[in-house]
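>>> I need the structure of the sequence given here:
(3 chains)
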Amino acid sequence: MTKTGDKSCINLKLKVWRQKGPDVKGRFETYKTRDVSTDMSFLEMLDVVNEEMILSGKDPIAFDHDCREGICGACGAVVNGRAHGPEKGTTLCQLHMRHFSNGDTVVIEPWRSRAFKVVKDLVVDRSVFDEIIQAGGYISVNTGGAPDGNAIPVPQAAAEKAMDAAACIGCGACVAACPNASAMLFVGAKISQFTLLPQGLPEAKKRALAMIGKMDELGFGNCTNEAECEKECPKEISIENIARMNCEFFKAGFL
Amino acid sequence: MQWDLNWFICTLRSSIGKKLIMALTGLGFCIFLIAHLAGNLTIYAGEDAFNSYAERLQALGSLVVLAEIGLLFFAVAHVFIGAYLFYENFRARPERYLIKKNAGGRTIGSVTMPYTGLFILFFIVLHLIDFHFVEKTDQTIYQIILETFSNPGYAFFYIVSMIIVATHVSHGFWSAFQTLGVYNSEYMSLLRVMGTIFSLAVGLGFGFLPIYILFIS
Amino acid sequence: MQLDSKIPDGPLSEKWDRHRFELKLVNPANKRKFKIIVVGTGLAGGSASATLAELGYEVMTFCIQDSPRRAHSIAAQGGINAAKNYQNDGDSIWRLFYDTIKGGDFRSREANVYRLAQISNNIIDQCVAQGIPFAREYGGQLANRSFGGAQVSRTFYARGQTGQQLLLGAYGSLSRQIAAGKVRLFTRREMLELVVIDGKARGIIARNLVSGEQEKHAADAVVLASGGYGNAFYLSTNAMGSNISAAIASYRKGASFANPCFIQFHPTCIPVHGTYQSKLTLMSESLRNDGRVWVPRNPEDKRPPDQIPETERDYYLEEKYPGFGNLVPRDVASRSAKVQCDMGKGVGDTKLAVYLDIKDAIERDGRDVITEKYGNLFEMYEKITAQNPYETPMMIYPAVHYTMGGLWVDYNLMSAIPGLFVLGEANFSDHGANRLGASALMQGLADGYFIIPYTIGGYLAQASLDTVREDHSAFNESSLQVETRIKKLLSIEGKRTVDDFHRELGHILWENCGMTRKDKGLKKARGLVADLRAEFWENVLVGGSGKEFNQSLEKAGRVADFLDIGELMVIDALERKESCGCHFNEAFQTEENEALRDDENFRHVSAWEYRGEGCDPVFQKEPLEFENVELTQRSYK
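The predicted structure follows:
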């Protein structure tokens, strides 16, 4: 389409985690990349590196990505010790190279958690999140027969709070960032969304017990209220949702 | 898990159940700290005041024993479940990060929680030996305190310990309410402020005693 | 082969009801004996999988992503239309129908579009019941906003993440059926072949993207909901993984491809800024509700936007289309932006952008109100461009966004291959030559929740299907085809990477088969695409092996198919000697430079039938009958 002179370019040293498969031992490999435009996104930078690697007969770095606009939740890596890189409320695909300086060493690691097995390099298996949702992260309503959309009013504030929680993209950054690799923010957000809406209340008890039970089974760590998840969440979902989940769990478990 | 069977135990055995026990026992210790601090503050009112406080406390008799048993029970639960959680959390990430940076959520209190906890356990044992199980027939508790704290090394150890307790409490206090399910963000910010005030009160209230005693003796 | 659209008789408003009554039903006890394969887990595929499983069918669902929740429907921002008339502003099913038909420049089927408008209301009810946090008024009622191509407020939304929320609703319903054991989910699987036995679609060959192994899956019907082909242009608003392979594989097996040249260019995207760029980011069209589009009157004007006085700004949409102003349909808005840039009035470094200015709205409503509506969009814009939209006008330019064309389907959403159903963007059915904003979500969910459950039953009830197992020779043949192709791709070991070819294809299509088209350019493009394809099969460098997680190989297969659809697109554009909606052939325009239709000769769907490698596809015509609306020159003045 159009070609523009790149305004500013930087050189970087990449230290990337390479791992052939889930049961193979991984290691870091170092690559030098030159003339990275600061207008590039982080993943575009990796694209360029990969293209050079393919041309020189090497195995390119595998990484998950899809929408590249911060909503599908496919991408993610720990960059220099930060999930999705150093910017607040940003997925890796939205991180731009203007946040790096010439000569930087960039360490790129996959999400690390017992529950997320490495598939290859930076690609991890997050199907455990699907399992948690399958345990109860929905309202059991068959298609057809729903009452009119306006039949049950939903207070605006509740709808907004539900939306705050529902914004989760299931990327797994909360688990990656948590010092304990806990999935409570992910689970808390889904439970909160449905607790805040009248449509979700009939199943609230069952849902809380089932989802939390499943989460416990899958090998995540426990929450110690460190709030790292909230700080790294690309959608900035609050740990208030974890508190709400706790509350729902007690209501369901004791009452 | 079978939720309908042994539902109560099941609830407590889950990750959030364990957190709940940590929170409730932790808050129990916070209440104990308030009572303990209130008692200790009578030292500032002089020897008589402090001794009479100690006597009145003793006079409660079986109530005190009950409270002590309760605290012991709390301590066992807090320590063992805490240790188990620590183990589970460690296990949840078999391969560690080469670099992991704080994103802004963690505090000194939260990062050091297991370690400050372990230290506090050690301190409490010492503290009980020094002041609780000490032979009190020849001297009043006030005299024992005076004597122990006049050793500058001990005083220093005690002050450091109190800073560590304050650090532990700085995370523990608000964290307990978060675990209990206080999801209202206004209340939560209030509780965070209260947590800071509480940990300062504990740190300063207890920690200043040896300095005061060094000063008066 | 004659294409029979199977549109039921009777008055427009009764067709769907009557058809549902006439469709044969499958006995509830028999439903579990039928296996259905669903490819794709976007709004259409996810909702279809869930609903078919609820009805009792055995469903197998496939997606290329690691989770069904990541399908690209998730990126839809603005909203979903429904004819609820909650705002009491004169909306009705008829008006939604009419707007959609007119918006599509009278190149869609009346019956399909009317059914879509009818179903739109059920979709909202269903989604609310699923716990989708739609925006609400203070009184707790559902809120609406207006969208391009309509003069009523009928768009329901959940901030700028409507697609995400609707998809997660469908994903939740799907998850429930997976838990119930009614759906078997296959993630990281790519459908590479359709298996046709006795002229009916009976299964697929999928590649496990992690292990590289091929899997054969037999079924009684196959439902494709695999999205559109916008990525043929390399740069588009589609996700990186969005591809046409499943549909092209079906096309090669006999499913006709309809209207491939109908490609929507979304007017409000963040402009291109470099050759390494991998995708274009959309800014919701809802911004045009409050934003004003302008360029400097003087092409030589190099001043920053805030220093250009009001009188020297050309609010070209408001001036040219006072009736709809900034809310004209997407094709009109996109083409107008291109016209301004072609006149040299474009802004920014590349001169390929126009301003979208939110300043007046902030002054009118206050910053808080505007932030509430568009805050997340502004944040996204700032992340990408490092410019603050509150202070300086955003720069936008059209980008490839949606493909109205797709596999040809009849009223039952069944393709030319019996037993192969096509839903959502993958089919061609409802949008004609241009899709209105907030209609894609509506169509995807209508197809999945409310149409396919009935029509597939009608097919299964009357088709006499023998039991077919994966060891049938047709599966082995298809599997061999896949194997051969993968081996071929890997064995070329040429000099150019897959992306390199893809970029070049995108460039050819953008230049010659883009927002405006000329016969000369199209003819040139046809040759260029053919040459590029020939070079691809001799000089591509893939690397790695076929028995592992190999993202370069995945891309290679997809680009090979984009080359095919690219050619088909150009062939179709050449055949359609008129302008309509998004298809703007410069030879056919009104005095005011609007698209000039030729209803006499081109009031039809152009479908293309595959005739083997190296042969030209065969043109098939499905005439469009308009009994209820008058074909007029679209006017948004």
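
>>> next structured bit after the longest helix seen in chain C?
If you go by DSSP state H, chain C has its longest helix at helix C:551-575. Using DSSP states H and E, the helix or strand that follows helix C:551-575 in sequence is helix C:599-602.

>>> got the contact list for that following helix?
Residues outside helix C:599-602 that contact it (C-beta atoms under 8 Å, 6 or more residues apart in numbering or on different chains): C:Phe106, C:Arg576, C:Lys577, C:Glu578, C:Cys580, C:Leu631. Just so you know, the C-beta spots here come from the backbone N, C-alpha and C atoms, and that holds for glycine as well.

>>> Report all helices and strands that whatever helix or strand comes next after it contacts.
Heading C-terminal from helix C:599-602, the first helix or strand you meet, by DSSP H and E, is strand C:604-609. If contacts are counted by 3 or more C-beta pairs under 8 Å, 6 or more residues apart in numbering or on different chains; DSSP states H and E, strand C:604-609 sits against strand C:257-258, helix C:551-575, strand C:618-623.

>>> can you give me how far the last one is from the chain middle?
I take that to be strand C:618-623. Centroid separation between strand C:618-623 and its chain, computed with C-alpha atoms, centre = their mean, to the nearest Å, is 22 Å.

>>> okay, the angle between it and helix C:551-575?
Computed by axes from the mean of the first three to the mean of the last three C-alpha atoms, to 10 degrees, the angle separating strand C:618-623 from helix C:551-575 equals 60 degrees.

>>> how about strand C:618-623: buried residues?
Buried residues in strand C:618-623, counting neighbours by 16 or more other C-beta atoms under 10 Å in any protein chain shown, are found at C:Gln620, C:Glu622.

>>> Over to C:Leu460. Which of the three states is it?
Secondary structure assignment for C:Leu460 (DSSP: H, G, I helix; E, B strand; the rest coil): helix.

>>> and it, how many residues sit next to it?
Residues contacting C:Leu460 under the criterion other C-beta atoms under 10 Å in any protein chain shown number 21.

>>> Now the residue positioned nearest the centre of chain B: which helix or strand?
By C-alpha atoms, centre = their mean, chain B has its centre lying nearest to B:Phe29, at 5.3 Å. According to DSSP H and E, B:Phe29 maps onto helix B:15-41.

>>> Quick one: list the elements packing against that helix.
Looks like helix B:15-41 contacts helix A:204-217, helix A:240-254, helix B:7-13, helix B:47-59, helix B:62-91, helix B:152-180, helix B:185-216 (3+ C-beta pairs under 8 Å, 6+ apart).

>>> Tell me which of those helices is the most buried.
helix A:240-254 (a mean of 23; mean count of other C-beta atoms under 10 Å in any protein chain shown).

>>> sorry, back to before: quick one: closest of the helices and strands packed on helix B:15-41 to chain C.
Chain C lies closest to helix A:204-217 among the helices and strands packed on helix B:15-41, at 9.2 Å (C-beta to the nearest C-beta).

>>> a markdown table please, covering the helices and strands packed on strand C:604-609 and showing distance to A:Asp148.
Shown next, in a markdown table, are the helices and strands packed on strand C:604-609 (distance: least, C-beta to C-beta, whole Å):
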| stretch | distance to A:Asp148 |
| --- | --- |
| strand C:257-258 | 35 |
| helix C:551-575 | 42 |
| strand C:618-623 | 37 |
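
>>> okay, these, which one's buried deepest?
strand C:257-258 (a mean of 28).

>>> That one pairs with which strands, parallel or anti?
Paired neighbours of strand C:257-258 in the sheet (DSSP bridges): strand C:406-407 (antiparallel), strand C:604-609 (antiparallel).

>>> and the nearest residue to C:Val195 once chain neighbours are set aside, bridged to which residues?
Nearest residue to C:Val195 in three dimensions, chain neighbours excluded: C:Gly203, at 4.0 Å (C-beta to C-beta, 6 or more residues apart in numbering or on different chains). Beta-bridge partners for C:Gly203, by DSSP bridges, are C:Val195, C:Ala218.

>>> count of neighbours near C:Gly203?
Using other C-beta under 10 Å: C:Gly203 sits among 28 other residues.

>>> likewise the one 5 residues further on?
Residue crowding around C:Asn208 was assessed by other C-beta under 10 Å; the count is 16.

>>> That one contacts C:Arg189, correct?
Yes: in this structure, C:Asn208 is within contact of C:Arg189 by C-beta atoms under 8 Å, at 5.9 Å.

>>> C:Leu235 and C:Val540: what is the separation?
Going from C:Leu235 to C:Val540 by C-beta to C-beta, to the nearest Å gives 20 Å.

>>> Skip the chain neighbours and tell me the closest residue to the residue nearest the centre of chain A.
Closest to where the C-alpha atoms of chain A average out (C-alpha atoms, centre = their mean) is A:Cys171, at 2.0 Å. Leaving aside its sequence neighbours, A:Cys171 sits nearest to A:Gly73 (C-beta to C-beta, 6+ apart; 3.9 Å).

>>> Report pLDDT for that neighbour.
Predicted confidence (pLDDT) for A:Gly73: 98.

>>> Please tell me I have it right and it contacts A:Cys174.
No: between A:Gly73 and A:Cys174 there is no contact, the gap being 11.2 Å when judged by C-beta under 8 Å.

>>> more crowded one of the two?
A:Cys174 (30 against 27).

>>> A:Val187 is in contact with that one, correct?
No: at 9.5 Å, A:Cys174 does not count as touching A:Val187 under the criterion of C-beta under 8 Å.

>>> Kindly provide the whole-number mean pLDDT of stretch C:441-457.
98.

>>> Compute the first-to-last residue distance for that stretch.
End-to-end span of stretch C:441-457 (C-alpha to C-alpha, to the nearest Å): 24 Å.

>>> now the residue of the stretch 501-637 of chain C found nearest chain B, what's its secondary structure?
Closest approach between the stretch 501-637 of chain C and chain B, counting by C-beta to the nearest C-beta: C:Phe549, at 18.9 Å. Following three-state DSSP, C:Phe549 is assigned to coil.

>>> So, low pLDDT: which residues of the chain?
No chain in the question, so chain A it is. Chain A contains residues with pLDDT under 70 at A:1-7.

>>> meant chain C, my bad for not saying
Under the criterion pLDDT under 70, the flagged ranges of chain C are C:1.

>>> Of all the residues in it, which one is nearest chain B?
The nearest approach of chain C to chain B comes at C:Ala179, 15.6 Å away (C-beta to the nearest C-beta).

>>> now whichever strand or helix holds C:Ala534, how far from the chain's geometric center?
Using DSSP H and E, C:Ala534 maps to helix C:519-539. Here helix C:519-539 is found 24 Å from its chain centre; the criterion is C-alpha atoms, centre = their mean.

>>> Could you name the helices and strands sitting against that helix?
For helix C:519-539, the packing partners by 3+ C-beta pairs under 8 Å, 6+ apart are helix C:473-492, helix C:498-512, helix C:551-575.

>>> could you give the angle of that helix to helix C:551-575?
Calculated by the same axes, to 10 degrees, helix C:519-539 forms an angle of 150 degrees with helix C:551-575.

>>> Can you dump the C-alpha atoms of helix C:519-539 in CSV for me?
Output of helix C:519-539 as CSV, limited to C-alpha atoms (Å, rounded to 0.1, in the frame of the first residue of the first chain):
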residue,chain,number,x,y,z
ASP,C,519,-11.6,-2.9,-16.3
LYS,C,520,-8.0,-2.3,-17.4
GLY,C,521,-6.7,-2.7,-13.9
LEU,C,522,-8.8,-5.8,-13.3
LYS,C,523,-7.5,-7.4,-16.4
LYS,C,524,-4.0,-6.6,-15.4
ALA,C,525,-4.6,-8.0,-11.9
ARG,C,526,-5.8,-11.2,-13.3
GLY,C,527,-2.5,-11.8,-15.0
LEU,C,528,-0.5,-10.6,-12.1
VAL,C,529,-2.3,-12.9,-9.6
ALA,C,530,-1.9,-15.9,-12.0
ASP,C,531,1.8,-15.2,-12.4
LEU,C,532,2.2,-14.8,-8.6
ARG,C,533,0.4,-18.1,-8.0
ALA,C,534,2.7,-19.8,-10.5
GLU,C,535,5.7,-18.3,-8.8
PHE,C,536,4.4,-19.3,-5.4
TRP,C,537,4.2,-22.9,-6.3
GLU,C,538,7.8,-22.8,-7.5
ASN,C,539,9.5,-20.4,-5.2
